[in-house]
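Undergrad: the following block contains a protein sequence and its predicted model.
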Amino acid sequence: MTPLFQIDPRDSVATALRDLEAGETALGVTLSQPVGKGHKVAVKALAVGDPVLKFGFPIGKASQPIQPGEHVHTHNVTTALKGDGSYSYVPSTAPEIAPDPHSFLGYRRADGRVGTRNEIWIIPTVGCVGRTAQKIAEKAAARFPGKVDGIHAFPHPFGCSQLGDDLGNTRDILAALANHPNAGGVLIVGLGCENNQTSKLVEGVTHPNLRTIGAQTASDEIEEGLALVEELIEVAALSKREPAPLSDLVLGVKCGGSDGFSGLTANPLVGRMSDAVTEAGGTAILTEIPEIFGAEQLLMDRASNETVFTGIVDMVNDFKAYFTRHGEPVSENPSPGNIAGGITTLEEKSLGAVQKAGHATVTDVRHYGERVRTRGLTLLEAPGNDAVSSTALAAAGATAILFTTGRGTPLGFPVPTIKIASNSDLAARKPGWIDFDAGQVLAEGMDVARDALLDTICAIASGKETAAEKNGEREIAIWKRGVTL
């Protein structure tokens, strides 16, 4: 196998598949210096200001002359991103992909949605009763073992001292979680004096198996909460798994701790999953809007109609304005870990990140806290932060999250979070974190890895625990954008 991997023949760089020494030759160039695994090597000469191409698109521009065989990174490449952009709509047609025959065993709900878990979710309205919710969940899990797939609380620090849209965002996220098909029953735990009043929150909840409790008015909020959980379990336990096609899956796609291999292996592999599910009639959700800056045109070119196209343009430009209002450059990314792993600019990170969406047509654009309403690919408003964006994916209706990573993270979220390593070294070092090794793409090919990952997803959707579930990793995080009193 060649030690350099060139993604597109137009590219001016290739990625090192292992640590390379000066003097080694590959793809017709001789390295003039050592280059670390995951980092880039020039395969074409570049003058100052020339675009540096990877994935067939610019990832920045040369800040100094670059000769073939040189290491290409932050020392000789700079971003070309600007604070805003203008775009034109051109109708396009997505390629035809044969529907995939995979299926899974899920819980079909009264509204037709299918959950991958049948759990009791305990949601506090405010941070003051977050630990109360956890105590109820812990005691209920011990008192009622094996009745449902799990009993989980989702504490958070918000719900009071918030105003206007900021409070509305908190309420929207919690209500959306309370409506999730993976929850066979929901207990909302309120305090009583908080801004996020239970009575207002439940206006947005339509879950048929819902209970509420106010800690300030309960004589013993723990025991009363346990009694309510028991009622929820009695109803939820009536649900049984039944066969469901891929069209009933809703996949959230996410990357975190990316490296130079993420855009070569894990992200395009997840793109195959997005294609398989959407072509079958299911739904994929892409978020992390700041991490599509520089690659947004690829999504705009796949808008199903001009309304969706305009929605993408507005969301991207609004998010850029969010940065500039706070005096921050739109290119304040990649992270130190990304840079250490070989990613140079936000454009490079974004072009790799959008591959998680495959070739699916973008059928809708949804704002933070909103739920998906169409099949196909939905673009969801949320920042790049792992916990905030993954919570938003779950709230939007994702019944599983495909989380690619080159550096590794133990985090898990309300729905099964399938960790996909971009490289085999991470998968071998962190088997307690990782569910699937996408490094096999380089060894066995994309088609073999595609079938193996689809098998893994269907097994997990049918009840097999993810690494994060085994480790008890269940977190939510809410996007705080407004004033705190």
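TA: Here it is on my side, so go on. Because the structure is predicted, anything quoted here is derived from the model rather than measured.

Undergrad: other residues contacting the lengthiest helix in the chain?
TA: Identified as the longest helix of the chain according to DSSP state H is helix 306-325. Taking contacts as C-beta atoms under 8 Å, 6 or more residues apart in numbering, the residues outside helix 306-325 that touch it are 83-85, 87, 89, 289-290, 292-293, 296, 299-300, 303, 329-330, 332, 362-365, 367, 379, 381. All C-beta spots, glycine's among them, are computed from the backbone N, C-alpha and C.

Undergrad: and the pLDDT at the nearest residue to Pro208 once chain neighbours are set aside?
TA: Closest residue in space to Pro208, ignoring its immediate chain neighbours: Ala110 at 6.2 Å, by C-beta to C-beta, 6 or more residues apart in numbering. The predicted local distance difference test score for Ala110 is 95.

Undergrad: make sure Ala110 is indeed in a strand.
TA: No: assigned with DSSP: H, G, I helix; E, B strand; the rest coil, Ala110 falls outside any strand and is coil.

Undergrad: report how many residues lie close to it.
TA: Using other C-beta atoms under 10 Å, Ala110 has 10 neighbouring residues.

Undergrad: quick check: it touching His207?
TA: No: the pair Ala110 and His207 fails to qualify as a contact (C-beta atoms under 8 Å) at a distance of 9.9 Å.

Undergrad: element containing Ser274?
TA: Under the criterion of DSSP states H and E, Ser274 resides in helix 266-279.

Undergrad: would you mark the buried spots in that helix?
TA: If you call a residue buried by 16 or more other C-beta atoms under 10 Å, then helix 266-279 has these buried ones: 266-279.

Undergrad: which helices and strands does the strand ranked longest in the chain pack with?
TA: Taking DSSP state E as the criterion, the chain has its longest strand at strand 183-190. Using 3 or more C-beta pairs under 8 Å, 6 or more residues apart in numbering; DSSP states H and E as the contact criterion, the neighbours of strand 183-190 among helices and strands are strand 119-124, helix 130-143, helix 164-178, helix 198-201, strand 210-214, helix 221-236.

Undergrad: for these, which one ends up most surrounded?
TA: With neighbours taken as mean count of other C-beta atoms under 10 Å, these reach their highest mean count in strand 119-124, at a mean of 27.

Undergrad: list the neighbouring strands of that strand plus their orientation.
TA: strand 150-153 (parallel), strand 183-190 (parallel) (DSSP bridges).

Undergrad: avg pLDDT for it?
TA: Over the span of strand 119-124, the pLDDT mean works out to 98.

Undergrad: how about residues contacting it?
TA: With C-beta under 8 Å, 6+ apart as the test, strand 119-124 has contacts from 130, 132-134, 136-137, 140, 148-156, 159, 174, 177-178, 180, 182-190, 225, 229, 232-233, 236, 414.

Undergrad: likewise for stretch 5-12?
TA: Taking C-beta under 8 Å, 6+ apart as the rule, stretch 5-12 contacts 13-15, 17, 27, 42-44, 46, 50-56, 263-264, 442.

Undergrad: please redo it, this time with the cut-off set to 6 Å
TA: Contacting residues not belonging to stretch 5-12 are listed as Ala14, Thr15, Leu17, Lys44, Leu46, Val52, Leu53, Lys54, Phe55, Gly56 [C-beta atoms under 6 Å, 6 or more residues apart in numbering].

Undergrad: what helix or strand does the residue lying closest to Gly192 once chain neighbours are set aside sit in?
TA: The spatial neighbour of Gly192 that comes closest, neighbours along the chain excluded (C-beta to C-beta, 6+ apart), is Gln216 at 3.4 Å. Here Gln216 is covered by no helix or strand, with elements defined by DSSP H and E.

Undergrad: mind checking the SS state of Ile7?
TA: In three-state terms, and counting by three-state DSSP, Ile7 is coil.

Undergrad: what's the local residue count around it?
TA: The burial metric for Ile7, expressed as a neighbour count using other C-beta under 10 Å, is 19.

Undergrad: which of the residues in the helix or strand of the chain with the lowest mean pLDDT are buried?
TA: Sorting the helices and strands of the chain by mean pLDDT, DSSP states H and E puts helix 336-340 at the bottom, at a mean of 87. Within helix 336-340, the residues scored as buried using 16+ other C-beta under 10 Å are Gly337, Asn338, Ile339.

Undergrad: distance to Gly432 added to the residues you listed, as a markdown table?
TA: Rendered in a markdown table, the data for the buried residues of helix 336-340 read as follows (distance: C-beta to C-beta, whole Å):
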| residue | distance to Gly432 |
| --- | --- |
| Gly337 | 19 |
| Asn338 | 23 |
| Ile339 | 26 |
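
Undergrad: out of those residues, the closest to Ala396 would be?
TA: Asn338 (25.2 Å; C-beta to C-beta).

Undergrad: can you check the pLDDT for the closest residue in space to that closest one that isn't next to it in sequence?
TA: Distances taken as C-beta to C-beta, 6+ apart place Ser258 nearest to Asn338, at 5.4 Å, with adjacent residues excluded. pLDDT, Ser258: 87.

Undergrad: what about the closest residue to Val483 other than its chain neighbours, neighbour count?
TA: Excluding its sequence neighbours, the residue lying closest to Val483 (C-beta to C-beta, 6+ apart) is Leu163, at 5.5 Å. A count of neighbours around Leu163, defined by other C-beta under 10 Å, yields 12.

Undergrad: same question for Ala449.
TA: Other residues within reach of Ala449 by the criterion other C-beta under 10 Å amount to 24.

Undergrad: run the chain-centre distance for the helix or strand harbouring it.
TA: Of the helices and strands defined by DSSP H and E, Ala449 is found in helix 446-461. Counting by C-alpha atoms, centre = their mean, to the nearest Å, helix 446-461 is centred 18 Å from the centre of its parent chain.
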